[in-house]
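Asker: Need coordinates for the below:
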Amino acid sequence: MRSFRNRSPLQILSLSFTLMVALALLAGCGLYGGLPASGPEAHTVGPGELTVPADAPTSASIYQVSLADFNTTELQPAWQKEFTDGVSVSVSPSGSYIAAFSYFGWGDWERIGVNVYDKAGGIVTDRIRWYKSTYRNGWVKWGSEDDALMLYMNNYQTDGRLYVYTANGKLQWSYFVDGSASAHMTAEGSRTALLNDTRGRLHILDSDGQRLALHYVEKGSSAQWSDNGERLLVMGEKQAIVFDRSGEKLLTAPLPEAEWLSLRLSPDGRLAAATTGSSDSRLYLFDLSSGDLASSHMLLPGGGNSVRFADGNEFLMVYDVGSSAGLALYALAEEPGLLWRRNVIPTAPGRVQETKAVWLALEDNRILAHYTESFSEDGEYMEDSWLLVFSAEGEPLSQMYLGQNVDLSVSADLAILATVTNNAIDRIGYVNNQLSTYLLDDILSTDTPD
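Answerer: Numbering: from 1, shown residues only. Here you go, the predicted structure:
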């Protein structure tokens, strides 16, 4: 794979222009016309305001941390539920509901489906069930609001269907898809983009599950709606396609040869961040008001280089940077550039590290990270999980061990954490997986280590 550093200025200009056309259309603006103001205090980013010189971080801004640098916190679960099979979990945006997807019952009575609990652990509904001969697997996640529970079921790689329920289990609508799929709902819930990964097709649905458009796309593509729900970006390995909310194709833009890993828009739609991997590991920042590539920043090869913007559009974090699961926080407004980077030292040699998710609560001076270390034990794949808490300045504060083979979900306000364990076998050989919920107020208020 060719490196950007070896490309000509014309090739780099082509890369910038290609992405800018797609991103400007996604934001709902003309390439040179600027973005409409969102209010009397709306701020239009000037063409030079985000121009960042090459990073020259000091030794104080980049350093390694180990788990011993964090205070150890042991939170007690607010409540727990046990499952006799694999389980996945999703917390609603407000934290009012927790949905658990699993098998329920025994023998001929075994069914696949979802239980919905309230934040106190009370059952809201346990009636979403199917025979396992009908469906074998799937996923569950909340849509844009608490009353839009999205459940996708399929029989291996065929005969799939997306269901949308209310929190109390009332079916709103369903839609058939022949294959495995992912779904993405707009912020106001009026549109859903359903990607059929098996067939390479995009279905755009309205609020009643009626299809508005069907398009062929690359298999394994990702999708993102703009915050106002007016534009949809579908990005594959070779091209980016922009659609409007009715499903009309606005642009098809070929992508330069690179390992594209992440593409995210800022909350106000004025900036876009794209990352690449392998030997081309970089962060690219685009200013949508001027049509400029504002800056690029070198990252480290070997990581996922995922991006998350903070609320307020003043900061963004690139996480899972390099092979040490690094976190890098960038300022976007005053004195833009890299603020700090933290690389994590593994607890034992030979473990593979990953930062799977981050949550930025900068108003509370806190950054949360889901950090994992995977290894092989007696021929079995195992993964240890921790919740790490940093200050906004990158200082290690506290760490909470979550267990082995853990998946998790967090409410939008970071008040509720739900975890599920999988492949947990008790002493007499029965599967004993657990759903646990935690209140995060204590861990967010943890004092700085002495």
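Asker: going forward, measure contacts and count neighbours with C-alpha atoms only.
Answerer: OK.
Asker: Give the residue spans of the stretch 1-150 of the chain that score low on pLDDT.
Answerer: Confidence mapping of the stretch 1-150 of the chain against pLDDT under 70 gives the ranges 1-60, 107-108.
Asker: Okay, helices next: where are they in it?
Answerer: Along the stretch 1-150 of the chain, the stretches classed as helices by DSSP state H, counting those that start in this stretch are 9-26.
Asker: Would you point out which residue is most central in this protein?
Answerer: Ala357 (6.7 Å; CA atoms, centre = their mean).
Asker: Surely it is in contact with Ala369?
Answerer: Yes. Counting by CA atoms under 8 Å, Ala357 touches Ala369, with 5.8 Å between them.
Asker: Phi, psi for the residue nearest to the centre of the chain please.
Answerer: phi -160, psi 150 (degrees, to the nearest 10).
Asker: May I have the beta-bridge partners of it?
Answerer: Beta-bridge pairing of Ala357 under DSSP bridges involves His370.
Asker: That one and Tyr371: what is the separation?
Answerer: For Ala357, the distance to Tyr371 equals 8 Å [CA to CA, to the nearest Å].
Asker: do the same with Lys238
Answerer: Lys238 sits 31 Å away from Tyr371, going by CA to CA.
Asker: neighbour count winner among those two?
Answerer: Shown here are Lys238 and Tyr371; by other CA atoms under 10 Å, Tyr371 has more neighbours (23 against 15).
Asker: Quick check: pLDDT value at the more buried one.
Answerer: Listed pLDDT for Tyr371 reads 97.
Asker: What of Gln157?
Answerer: With respect to pLDDT, Gln157 scores 59.
Asker: do the same with Tyr319
Answerer: 97.
Asker: element containing it?
Answerer: Secondary structure from DSSP states H and E places Tyr319 in strand 315-321.
Asker: ditto for Ile443
Answerer: Using DSSP H and E, Ile443 maps to helix 441-444.
Asker: And that helix, what does it pack against?
Answerer: Applying 3 or more CA pairs under 8 Å, 6 or more residues apart in numbering; DSSP states H and E, we find helix 441-444 packed against no helix or strand.
Asker: Can you tell me what sits against it?
Answerer: Residues outside helix 441-444 that contact it (CA atoms under 8 Å, 6 or more residues apart in numbering) are 73, 75, 364, 366, 389, 398, 415.
Asker: Out of those, which is nearest to Thr421?
Answerer: Leu75 (16.2 Å; CA to CA).
Asker: So what's the residue count around that closest one?
Answerer: Leu75 has 15 nearby residues by other CA under 10 Å.
Asker: repeat for the one 5 residues further on
Answerer: Other residues lying near Gln80 total 14 when counted by other CA under 10 Å.
Asker: tell me the contacts of the nearest residue to it once chain neighbours are set aside?
Answerer: Ranked by CA to CA, 6 or more residues apart in numbering and with sequence neighbours excluded, the top spatial neighbour of Gln80 is Ser436, at 4.5 Å. Neighbouring residues of Ser436 by CA under 8 Å, 6+ apart: 77-81, 418-420.
Asker: Now for these: which two are most distant?
Answerer: Taking CA to CA, the two most distant members of the contacts of Ser436 are Ala78 and Val420; they sit 13.8 Å apart.
Asker: Neighbour count: those two, which is higher?
Answerer: The neighbour count for Ala78 versus Val420, taken as other CA under 10 Å, is higher for Val420 (27 against 15).
Asker: wait, is that one part of a strand?
Answerer: Yes. Counting by DSSP: H, G, I helix; E, B strand; the rest coil, Val420 falls inside a strand.
Asker: give the contact list for the residue lying closest to it once chain neighbours are set aside.
Answerer: In this structure, Val420 finds its nearest non-sequential neighbour in Leu435, 4.5 Å apart by CA to CA, 6+ apart. Leu435 makes contact with 80-83, 89, 100, 418-421, according to CA under 8 Å, 6+ apart.
Asker: and Leu435, how far is that from Pro336?
Answerer: Distance of Leu435 to Pro336, given as CA to CA: 41 Å.
Asker: now Tyr165
Answerer: Applying CA to CA, the value for Tyr165 to Pro336 is 43 Å.
Asker: now swap in Gly209 and tell me
Answerer: Using CA to CA, we find Gly209 at a distance of 43 Å from Pro336.
Asker: go on, Asp311?
Answerer: Taking CA to CA as the measure, Asp311 falls 16 Å from Pro336.
Asker: Which parts of stretch 121-138 count as buried, going by neighbours?
Answerer: By neighbour count with 16 or more other CA atoms under 10 Å, stretch 121-138 contains the buried residues 121, 124-125, 128-130, 132, 135-138.
Asker: related to what we said a few turns ago, quick check: bridge partners of the residue nearest to Val420?
Answerer: Lys81, Val420.
Asker: Which pLDDT value belongs to it?
Answerer: For Leu435, the pLDDT comes out at 95.
Asker: likewise the one 10 residues further on?
Answerer: Here the pLDDT value assigned to Ser445 is 64.
Asker: same question, Ser226
Answerer: 80.
Asker: Leu151 too?
Answerer: 93.
Asker: what do you get for Tyr438?
Answerer: On pLDDT, Tyr438 comes in at 94.
Asker: which residues does Leu265 contact?
Answerer: Contacts of Leu265 (CA under 8 Å, 6+ apart): 226, 271-273, 309.
Asker: can we see that at 7 Å?
Answerer: Neighbour list for Leu265: 271-273 [criterion: CA atoms under 7 Å, 6 or more residues apart in numbering].
Asker: where does it fall, phi/psi-wise?
Answerer: The phi/psi pair for Leu265 (degrees, to the nearest 10) reads phi -100, psi 150.
Asker: Report the beta-bridge partner residues of it.
Answerer: Beta-bridge partners, per DSSP bridges, of Leu265: Ala272.
Asker: That one and Asn196: what is the separation?
Answerer: According to CA to CA, Leu265 and Asn196 sit 23 Å apart.
Asker: and what of Pro93?
Answerer: 25 Å.
Asker: and what of Ile123?
Answerer: Remark: distance between Ile123 and Asn196 (CA to CA) = 32 Å.
Asker: What of Arg342?
Answerer: Distance, Arg342 to Asn196, by CA to CA: 37 Å.
Asker: What of Leu435?
Answerer: In terms of CA to CA, Leu435 sits 29 Å off from Asn196.
Asker: Then Leu338?
Answerer: Distance of Leu338 to Asn196, given as CA to CA: 38 Å.
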